[in-house]
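*Asks:* I'd like to go over a predicted model; first the sequence, then the structure.
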Amino acid sequence: MGSTVEGPQGVIPARLLHGQKALVTGANSGIGKATAIGLGRAGADVVVNYVAGREAAEEVVEEIASFGVRAAAYEADVSQEDQVTAMMDRMVKEFGTVDILVANAGLQRDARLTEMTLAQWQKVIDVNLTGQFLCAREAAKEFRRRGVVPEVSRAAGKIICMSSVHQIIPWSGHVNYASSKGGVQMMMQTLAQELAPEKIRVNAVAPGAIKTPINRAAWETAEARQDLLRLIPYDRIGDPEDIANAVVALSSDLMDYVVGTTLYVDGGMTLFPGFATGG
């Protein structure tokens, strides 16, 4: 692949995604930020989507541009159809096309079942599930219009849905979030089945416990960290770059025969470690 670039979690081939155009939603912090930077480091031009926090988004753009690729920050609420459509139209106009969609934007509005409001339920479903649907739909239209460009990629396009271990692990007190991620799993598989004949690859990445601002209370103190590590056989909490590396790999032709798969990046959390001693 030629030269390489040192990343926070290893060496990434610098031209692995050369010539490709990527859109990452919710990319001004946490997993989205690391993913956008990772794609840029691998040679892709990147659009950094955000819904709030323009200054942070511009800082991500500046870091991506330091790799010698193009980058821009687009504001859009992925739960709003008109904003998603406008964002995709703008990207095609300014960047020529889109080759990679990372549908990452997501949030939590936690409450016990009997205390959860309809607004809390609906907001999480709107962003985490409907937002991914809208972005995938618009990206697929562009992939279909353009088709396969062999010198760029063997696929007409790649959609990577950001899911969670909670697509299969129930999570008391988070019924809206777990339901949204369970929906992402079936949506991803259905889209993969439908779009694969057109050489559009759809897959998902399911993070486990990752050090991000949204879950700082779960890992910031020594006591909280020790409690969390009991759920992780690999005995470390993940970094956002762990997820970025998985996305970069799935976006590349190295994974061209991977279709409709969820890649769990969780240190073994889905191995049900509570049963390691026989239950």
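*Replies:* Structure's in. What do you need?
*Asks:* for the helix ranked longest in the chain, packing partners?
*Replies:* In the chain, taking DSSP state H as the definition, the longest helix is helix 175-195. In terms of contacts (3 or more CB pairs under 8 Å, 6 or more residues apart in numbering; DSSP states H and E), helix 175-195 is packed against helix 118-125, helix 131-146, strand 157-162, strand 200-207. Where C-beta positions appear, they are placed from N, C-alpha and C, glycine not excepted.
*Asks:* verify the stated contact: W219 with G208.
*Replies:* No - here W219 does not reach G208: they are 11.8 Å apart, not a contact under CB atoms under 8 Å.
*Asks:* and the two? which has more neighbours close in?
*Replies:* A direct count of neighbours by other CB atoms under 10 Å for W219 and G208 places G208 higher, at 23 against 19.
*Asks:* ok, which stretches of this protein are strands?
*Replies:* 4-7, 10-13, 21-24, 45-50, 71-75, 100-103, 157-162, 200-207, 262-265 (DSSP state E).
*Asks:* of all those strands, which one is nearest M255?
*Replies:* strand 200-207 (7.7 Å; CB to CB).
*Asks:* quick one: average confidence on the closest one?
*Replies:* The predicted model gives strand 200-207 an average pLDDT of 98.
*Asks:* now do stretch 35-45
*Replies:* 98.
*Asks:* how far does that stretch sit from its chain's centre?
*Replies:* Centroid displacement of stretch 35-45 relative to its chain, using CA atoms, centre = their mean, to the nearest Å, is 13 Å.
*Asks:* quick one: average pLDDT of the longest helix of the chain?
*Replies:* According to the model, helix 175-195 has a mean pLDDT of 98.
*Asks:* what angle separates it from strand 157-162?
*Replies:* 160 degrees (axes from the mean of the first three to the mean of the last three CA atoms, to 10 degrees).
*Asks:* so where is the protein shaky, pLDDT-wise?
*Replies:* The chain contains residues with pLDDT under 70 at 1-14, 279.
*Asks:* what sits closest to S179 if chain neighbours are left out?
*Replies:* I125 (7.1 Å; CB to CB, 6 or more residues apart in numbering).
*Asks:* wait, doesn't that neighbour sit right on V175?
*Replies:* No - at 10.7 Å, I125 and V175 do not qualify as touching, with contact defined as CB under 8 Å.
*Asks:* hang on, the earlier thing: so what's the residue count around the residue nearest to S179?
*Replies:* Neighbour tally, I125, other CB under 10 Å: 17.
*Asks:* could you measure from it over to G260?
*Replies:* Remark: distance between I125 and G260 (CB to CB, to the nearest Å) = 23 Å.
*Asks:* and C135, by the same measure?
*Replies:* For C135, the distance to G260 - CB to CB - is 18 Å.
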